[in-house]
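**Student:** okay, sequence plus prediction incoming.
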Amino acid sequence: MTTKILKEVKAELHKGVTEKGHPFRYCILATVGLENIPRQRTVVLRELGDDLHLNFYTDLRSKKIIHIHENKKVSLMFLHPEKLLQIRVEGLAKIHRDHATLDKHRKNLLAINKKNFSTAAAPGTTIANPNAVDYLKDADYFCVVEVNPFKIEYLKLEHPNHIRVRFAREGADWDGEYLVP
Ligand SMILES: Cc1cc2nc3c(=O)[nH]c(=O)nc-3n(C[C@H](O)[C@H](O)[C@H](O)COP(=O)(O)O)c2cc1C
């Protein structure tokens, strides 16, 4: 029975990458660095692997990357408000900056998005006003972050019973257990 739910998890996450307007296109990434304060932010889900790894793009100089260097355990949270479906993923993050990976993923970016990774000053730097941002011409800090899940939790609110399932990775497989919602 939980196998069917895992299939649903995969299908919904896949739609997040491929279907325009699907709510799983955006997720909340939480990281915890050395200061021990969870930090959350929205990121775009860019790729889902067959092994359920999830990729997003970011700037190598951003705080999330500093956190991942300090602590590679991260979590992602997806919400489908209409289906009342929440999926939480816990996993290990890996930063990719090699040419082959970056070239493959750069192709997915619109020119306007490419700009986001080539600001002269690092993201989070104080500026006088929103127009006071300079861009580098020939360089960028684009990187791909891959999250390899070790735990996935599914929660769907429905009647007569809400459904909550915890999946834990066992090698290449996933073990699912129902939980009290
Ligand atoms: C709709 C939306 C989508 C976003 N997508 C991304 C993204 O894919 N990658 C990214 O690095 N930041 C993205 N951001 C910005 C982040 O939420 C965050 O503000 C920024 O990355 C700085 O985070 P940090 O300082 O914690 O590293 C997005 C913001 C919004 C509002």
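**Tutor:** That came in fine, so what should we check first? Bear in mind the structure is a predicted one, so any value in this text is a computation, not a measurement.
**Student:** which helices and strands does the longest strand anywhere in the chain pack with?
**Tutor:** As assigned by DSSP state E, the longest strand anywhere in the chain is strand 142-156. Packed against strand 142-156 by the contact rule (3 or more CB pairs under 8 Å, 6 or more residues apart in numbering; DSSP states H and E) you find helix 2-18, strand 54-59, helix 63-70, strand 85-96, helix 99-106, strand 163-170. In short, each C-beta sits where N, CA and C put it, glycine included.
**Student:** okay, those, which one's buried deepest?
**Tutor:** strand 54-59 (a mean of 22; mean count of other CB atoms under 10 Å).
**Student:** by how many degrees do that one and strand 142-156 diverge?
**Tutor:** 140 degrees (axes from the mean of the first three to the mean of the last three CA atoms, to 10 degrees).
**Student:** wait, does strand 54-59 contact the ligand?
**Tutor:** Yes. Residues of strand 54-59 contacting the ligand under CB under 6 Å from any ligand atom: 56, 57, 58.
**Student:** what secondary structure does the residue of the chain positioned farthest from its centre sit in?
**Tutor:** Distance from the C-alpha centroid of the chain peaks at residue 160, with 31.7 Å (CA atoms, centre = their mean). Following DSSP: H, G, I helix; E, B strand; the rest coil, residue 160 is assigned to coil.
**Student:** how close does it get to the ligand?
**Tutor:** 35 Å (CB to the nearest ligand atom, to the nearest Å).
**Student:** and for residue 19?
**Tutor:** Here the criterion is CB to the nearest ligand atom. By it, residue 19 lies 16 Å from the ligand.
**Student:** same thing with residue 98?
**Tutor:** Taking CB to the nearest ligand atom, one finds residue 98 at 19 Å from the ligand.
**Student:** residue 39: what's it in contact with?
**Tutor:** 30, 31, 32, 33, 63, 64, 67 (CB atoms under 8 Å, 6 or more residues apart in numbering).
**Student:** restrict the residues you listed to those near the ligand?
**Tutor:** Checking the contacts of residue 39 against the ligand by CB under 6 Å from any ligand atom, the ones in range are 63, 64.
**Student:** of the contacts of residue 39, closest to residue 88?
**Tutor:** For those, the minimum distance to residue 88 (CB to CB) is 9.6 Å, reached by residue 30.
**Student:** the one helix or strand in the chain whose mean pLDDT sits lowest near the ligand anywhere?
**Tutor:** Least confident element among the helices and strands of the chain, by mean pLDDT, DSSP states H and E: helix 111-114 (a mean of 78). No. Helix 111-114 stays out of contact with the ligand when judged by CB under 6 Å from any ligand atom, the minimum separation being 8.7 Å.
**Student:** the ligand contacts on the protein?
**Tutor:** Taking CB under 6 Å from any ligand atom as the contact definition, the chain meets the ligand at 26, 39, 41-44, 56-58, 62-64, 123-124.
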